[in-house]
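[1] can you look at this prediction? I've put the sequence above it.
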Amino acid sequence: MPSEGGADPADAPARPLVDLRGVAKAYGAVRALGGVDFAIAPGECIGLAGHNGAGKSTLMQVLAGNVRPDEGTLRISGSDETGRYSVERAGRLGVRCVFQELSLCPNLTVAENARVRHPFLRGFGWRARAARLIVSQLDAIFPGHGIRPGDLVSDLALGQRQMVEIATVFAAGETPLSLVILDEPTSSLDAQVAGQLLAHVRRFVAEGGSVVLISHILGEILETCDRITVMSDGRVVADRAAKEFTRHSLVEAMGHVAHAQEDAAETSAGPTARSAAPVVASAAPPRQANDRRVEARRGEIIGLGGLAGHGQTALLVLLQNASRGRSRLCELHGRTAFVAGDRQSDGVFPLWSIGANVTVRSLRAMSRLGLIDAEAERAMEEEWKARIAIRTPDMDNGILTLSGGNQQKALFARALASDAEIVLMDDPMRGVDIGTKQEVYALIRAEAAKGRTFLWYTTEFDELRACDHVYVFRSGRIVADMARSELSEARVLQSSFEENAA
Ligand SMILES: Nc1ncnc2c1ncn2[C@@H]1O[C@H](COP(=O)(O)OP(=O)(O)OP(=O)(O)O)[C@@H](O)[C@H]1O
């Protein structure tokens, strides 16, 4: 059994770039880190895996200087930083991070944000220099990105904001860059853009840089990283060369049951013909030039695919904002609930408790004579905490005390606990660990079998395979639609890129 922090000492690099020993951190009763050893060699890409709430982000926040551990030592490039480490020290030592919650200022342009991150861009002509810096970095990492330096960040799609954030972090600064921490960097990127980033990571590492990559998409870390460290409940439970892991053994190391196939489509060999049930939701993208429209029948799981930001979210919003009945673009017969993918801006009520975030959509159903039935509310909170495994000692804690993936689970619970007949999902599985994903897929299938309808925008092909019928979007229009039996990744990709796809 691998020991804690346990690579064979013979494999340990002579002088690690980073050497954390016995790092512990508690938040009240929650032990986020329980004595972690973690080392990174120069020129090494480490994958950090583990269930939601395992402690990955907290460990990286320690390394970024944002969180001061209660115990443990921290050495960087041989220098003992224990007790004096800070964000500023991290910056000077060349440690930079892309965290799950984006740090860009929405009311500033792309170039102005680059200036905020890189204060050396000052004096006469700073704006042009900032623009050149960010555009050249975007070109290097994400060729064909389509982002202009004068674009306001608030006007960019989530994926584009993520690209700007990543490019800003990799851009040459005053101090040489030694370590880049990427905490779920691909969660809002589609497969093609994610591939561009991972290729860049490999180039950066080949040139001697180090990277820590956190991802719940296991294929990404298996293919990109040299070594994989697995965390569970605040501890390191496995630490080996990436090539020694298979997908199966990695899932097991994370403490999940490794099913023969962990994909969404696992048991979903459903009907291939459209069901005869009545249409409950139907919508046409405003830019659609022909009469194609997304149509969902009662009990169907409908997938919206294609590259990120090509009109899928807009269609879901159109349905969410539609009133019941029929209009030119929309037809809706039932109550809707929306599961946001961008939890920061559309999802969580940041000042509310976890419980209140879950039950808010159901309060009307739980109120009698204008008073909310507190017992029913508490029961709903506890039921969903158990059903979807929200990791918290107390549902009264603030929602922001949850790890990113657990916040996402709370949003899911809000929609599924509600009385909505139609659930609109805007790429909601981002940041959810593989064990929970399997449970949520099963839940969706069970709910669909009971007659609930799901419209599911996803950037993961595996999730499209769980759908009964898939519509592929490009440039704000539906360019293809196919039943599950006709679905293949090649077909979806082809339709996503070709203007005149089938
Ligand atoms: N500021 C905080 N206050 C209270 N608890 C916190 C805080 N930050 C983290 N925690 C708790 O610490 C634990 C570890 O969280 P962390 O964010 O490190 O997990 P993670 O492995 O990154 O999860 P995910 O995959 O969901 O992002 C969780 O139980 C979380 O609820």
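    On my side now, so go ahead. Residues are numbered from 1 along each chain as shown.
[2] so where's the stretch 401-502 of the chain uncertain?
    Flagging of the stretch 401-502 of the chain using pLDDT under 70 yields the residue ranges 498-502.
[3] for the ligand, what is the nearest residue in it?
    Closest residue of the stretch 401-502 of the chain to the ligand, CB to the nearest ligand atom: G405 (2.7 Å). In short, each C-beta sits where N, CA and C put it, glycine included.
[4] burial check on that residue, number of neighbours?
    26 (other CB atoms under 10 Å).
[5] how many other residues sit next to the closest residue to it other than its chain neighbours?
    Among residues not flanking G405 along the chain, N52 sits closest, at 3.1 Å (CB to CB, 6 or more residues apart in numbering). Residues lying near N52 (other CB under 10 Å) number 24.
[6] N52 sits in which helix or strand?
    Using DSSP states H and E, N52 sits within no helix or strand.
[7] thought A466 was touching I444?
    Yes: with contacts counted by CB atoms under 8 Å, A466 reaches I444, the gap being 7.3 Å.
[8] how about the helices in the stretch 401-502 of the chain?
    All helices of the stretch 401-502 of the chain, identified by DSSP state H, counting those that start in this stretch, fall at 404-417, 434-449, 461-464, 489-497.
[9] I misspoke; the intended subject was the stretch 151-300 of the chain.
    Applying DSSP H, counting those that start in this stretch to the stretch 151-300 of the chain gives helices spanning 158-170, 191-206, 218-224, 247-253.
[10] is the ligand within reach of the third one?
    No: Helix 218-224 stays clear of the ligand (CB under 6 Å from any ligand atom), getting no nearer than 12.8 Å.
[11] could I get the buried residue list for that helix?
    By neighbour count on 16 or more other CB atoms under 10 Å, the buried set for helix 218-224 is 218, 220-222, 224.
[12] again with stretch 44-62
    For stretch 44-62, a neighbour-count test (16+ other CB under 10 Å) marks 44-62 as buried.
[13] taking those one by one, which sit in strands?
    Among those, the residues falling in strands (DSSP state E) are 45-50.
[14] give me the subset of those residues that also touch the ligand.
    G50.
[15] so which of the ones in strands among the buried residues of stretch 44-62 is the closest to the ligand?
    Distances from the ligand to those, taken as CB to the nearest ligand atom, are shortest for G50 (5.3 Å).
[16] test my guess that the closest one contacts I228.
    No: assessed by CB under 8 Å, G50 is found out of contact with I228, at 10.3 Å.
[17] could you dump the helices of the stretch 151-300 of the chain to JSON lines with mean pLDDT?
    Listed next are the helices of the stretch 151-300 of the chain as JSON lines, based on pLDDT from 0 to 100:
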{"stretch": "helix 158-170", "mean pLDDT": "91"}
{"stretch": "helix 191-206", "mean pLDDT": "94"}
{"stretch": "helix 218-224", "mean pLDDT": "92"}
{"stretch": "helix 247-253", "mean pLDDT": "87"}
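[18] quick check: which of these is buried the most?
    helix 158-170 (a mean of 23; mean count of other CB atoms under 10 Å).
[19] quick revisit: the residue nearest to G405 and R129: what is the separation?
    41 Å (CB to CB, to the nearest Å).
[20] report the contact partners of the residue of the stretch 401-502 of the chain closest to the ligand.
    51-53, 216, 431-433, 436 (CB atoms under 8 Å, 6 or more residues apart in numbering).
[21] which ones among these also lie next to the ligand?
    Among the contacts of G405, the residues lying close to the ligand (CB under 6 Å from any ligand atom) are 52-53, 431, 433.
[22] now do the contacts for H469.
    Contacts of H469 by CB under 8 Å, 6+ apart are 274, 300, 302-303, 481-484.
[23] can you tell me which of these are buried?
    If we count by 16+ other CB under 10 Å, the contacts of H469 have these buried: 300, 302-303, 481-482, 484.
[24] count of neighbours near the nearest residue to S275 once chain neighbours are set aside?
    Among residues not flanking S275 along the chain, R297 sits closest, at 5.1 Å (CB to CB, 6+ apart). By other CB under 10 Å, 18 other residues sit near R297.
[25] can you pull up the bridge partners for R297?
    Listed beta-bridge partners, R297: V279 (assigned using DSSP bridges).
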